[in-house]
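**Q** Just to be clear, the model below is a prediction. Sequence and coordinates:
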Amino acid sequence: MIKLIADEVLDAQRLDAGLASVLDGYSRAKIQGLIKSGNIKVNGLLPKPSQRLKLDDSIIICDDDIPDLSILPEPVPFDVVYEDDNMAVINKPSGIITHPTTVERSGTLVNGLLYRFGNNLSDINGEFRRGIVHRLDRNTSGLLMIAKNNKAHEFLAGQIKNKTAVRKYLAIVKGVLKEDFMVIDKPIGRAFTDTCKMCISEDGKSSVTEVRVLKRFGDATFVELKLLTGRTHQIRVHMSSINHPVYNDTLYGFGKMKIKTEEQVLQAYRLEFVKPFGDEQLTVEIPQDEKIMRVLRFLEGKEQNEK
């Protein structure tokens with residue numbers, strides 16, 4: 001038996017076609033046979049071959065010949081900022097994908113977590129997401145809560161679901177925001193024209209981001225953002241929707257600038273939550289990363305030269 005969580009590769013695909021595309025040696029006809037014999041379930045229910053998958057759908061496949069999709073430990077770089085018997089908070093570098101996908105199973109944060117913590121990680125969301133309570137985009141750096149067991153995972157995930165955990169980000173965005181504080185409340189869904197993108201959609205999921213200005217420059221703004229929901233690419237989509245895309249976020253409309261960095265200048269820099277399993281509040285904060293400091297130095301220098 002193997003458990004998969006539908007990722008960006010499988011999102012919006014037919015169940016039979018999607019699984020056939022990611023499982024080596026499994027034809028569409030064989031997948032259809034497994035579905036019809038009741039050996040594949042989606043979210044605990046028996047599906048039809050034509051069912052369209054959605055992001056984060058849980059897929060369980062029962063077949064003795066299923067290919068090995070195990071995730072191997074690898075020495076992937078990250079810093080452990082906090083750790084106890086039930087959890088850890090780590091600082092994920094930019095450029096590392098949080099968890100494996102059906103087509104990318106090496107060099108991810110989960111590979112590194114298995115190398116660092118062994119099997120002392122939650123598996124409530126399957127092998128591909130061992131220990132992962134919430135995610136960051138590949139090129140977004142910063143803090144992530146890691147659960148060492150399933151009870152801790154549920155405890156921490158419950159705080160995110162109930163909006164009692166606080167997740168704050170730093171970003172530099174294009175243009176000058178007029179308001180010192182604003183709330184962006186726009187639903188987000190999958191962009192049908194590009195499966196790698198999200199978009200503002202009336203049929204999307206409720207998505208809310210708080211934005212607070214830290215410093216304004218001539219053609220950019222340094223901001224702090226607080227997530228009240230946790231949708232894929234939420235900050236990037238919301239800021240793009242008000243014509244202030246995150247610096248160097250080429251997927252969501254940021255044009256060329258004189259200074260080059262990796263994609264999106266965005267960092268998860270602060271977490272506030274209650275430690276499992278009591279009422280002790282913990283706040284974890286890290287300094288600005290090199291990507292943010294580099295762009296700030298460029299903007300400050302540009303401002304000085306223009307005076």
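**A** Received it, and whenever you're ready, just let me know what you need.
**Q** low-confidence ranges in the stretch 1-150 of the chain?
**A** Scanning the stretch 1-150 of the chain with the threshold set as pLDDT under 70 gives 8, 66-69, 102.
**Q** so where do the strands sit in it?
**A** Taking DSSP state E, counting those that start in this stretch to define them, one finds strands in the stretch 1-150 of the chain at 2-5, 40-42, 58-61, 79-83, 87-92, 141-147.
**Q** Pick the most deeply packed of the ones you listed.
**A** Compared across the strands of the stretch 1-150 of the chain, strand 141-147 shows the largest average neighbour count, a mean of 25 (mean count of other C-beta atoms under 10 Å). C-betas here are computed from N, CA, C, even on glycine.
**Q** For the protein, which segments are assigned as helices?
**A** For the chain, applying DSSP state H gives helices covering 15-22, 28-36, 109-117, 150-161, 234-241, 290-306.
**Q** right, so of the ones you listed, which gets closest to residue 98?
**A** Nearest to residue 98, of all the helices of the chain, is helix 109-117, at 5.0 Å by C-beta to C-beta.
**Q** Residue 306: neighbouring residues, count only.
**A** Residues contacting residue 306 under the criterion other C-beta atoms under 10 Å number 7.
**Q** how near is it to residue 247?
**A** Computed as C-beta to C-beta, to the nearest Å, the residue 306 to residue 247 distance reads 19 Å.
**Q** Distance check, residue 120 against residue 137.
**A** Separation of residue 120 from residue 137 (C-beta to C-beta): 26 Å.
**Q** The two: which has the busier surroundings?
**A** Per other C-beta under 10 Å, whichever of residue 120 and residue 137 has more neighbours is residue 137, with 21 against 15.
**Q** Could you pull up the contacting residues of that one?
**A** 98, 233, 236, 264, 266 (C-beta atoms under 8 Å, 6 or more residues apart in numbering).
**Q** re the thing from before, which stretch among the helices of the chain is buried most, on average?
**A** When you average the neighbours per residue for each of the helices of the chain (mean count of other C-beta under 10 Å), helix 234-241 leads with a mean of 25.
**Q** partners of the closest residue in space to residue 34 that isn't next to it in sequence in the sheet?
**A** Closest residue to residue 34 apart from its sequence neighbours, by C-beta to C-beta, 6 or more residues apart in numbering: residue 40 at 5.0 Å. For residue 40, the beta-bridge partners under DSSP bridges are residue 61.
**Q** wouldn't residue 40 be in contact with residue 31 here?
**A** Yes. If you go by C-beta atoms under 8 Å, residue 40 and residue 31 touch, sitting 7.4 Å apart.
**Q** Please enumerate the shared neighbours of these two.
**A** Here residue 40 and residue 31 have 15, 19 as joint contacts, going by C-beta under 8 Å, 6+ apart.
**Q** ok, now which ones touch residue 55?
**A** 6-8, 11, 190, 232 are the contacts of residue 55 under C-beta under 8 Å, 6+ apart.
**Q** Give the residue spans of the stretch 201-307 of the chain that score low on pLDDT.
**A** Scanning the stretch 201-307 of the chain for pLDDT under 70 picks out 256-260, 262, 307.
**Q** at 80 what do you get?
**A** Filtered on pLDDT under 80, the stretch 201-307 of the chain yields the residue ranges 255-262, 302-307.
**Q** Where do the strands of it begin and end?
**A** Secondary structure of the stretch 201-307 of the chain by DSSP E, counting those that start in this stretch: the strands cover 208-216, 220-227, 266-274, 281-285.
**Q** Need those in a markdown table (columns: distance to residue 142 and mean neighbour count).
**A** Listed next are the strands of the stretch 201-307 of the chain as a markdown table, based on distance: least, C-beta to C-beta, whole Å; neighbours: other C-beta atoms under 10 Å:
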| stretch | distance to residue 142 | mean neighbour count |
| --- | --- | --- |
| strand 208-216 | 16 | 17 |
| strand 220-227 | 12 | 21 |
| strand 266-274 | 3 | 22 |
| strand 281-285 | 10 | 12 |
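**Q** now residue 165, nearest residue through space, not along the chain?
**A** residue 159 (3.9 Å).
**Q** ok, residue 45 - contacts?
**A** Taking C-beta under 8 Å, 6+ apart, one finds nothing in contact with residue 45.
**Q** brain fart, residue 129
**A** 5, 99, 110.
**Q** what do you get if the cut-off is 6 Å, keeping everything else the same?
**A** Residue 129 makes contact with residue 99, according to C-beta atoms under 6 Å, 6 or more residues apart in numbering.
**Q** Against residue 115, how distant is residue 72?
**A** For residue 72, the distance to residue 115 equals 9 Å [C-beta to C-beta].
**Q** Perfect, that will be all.
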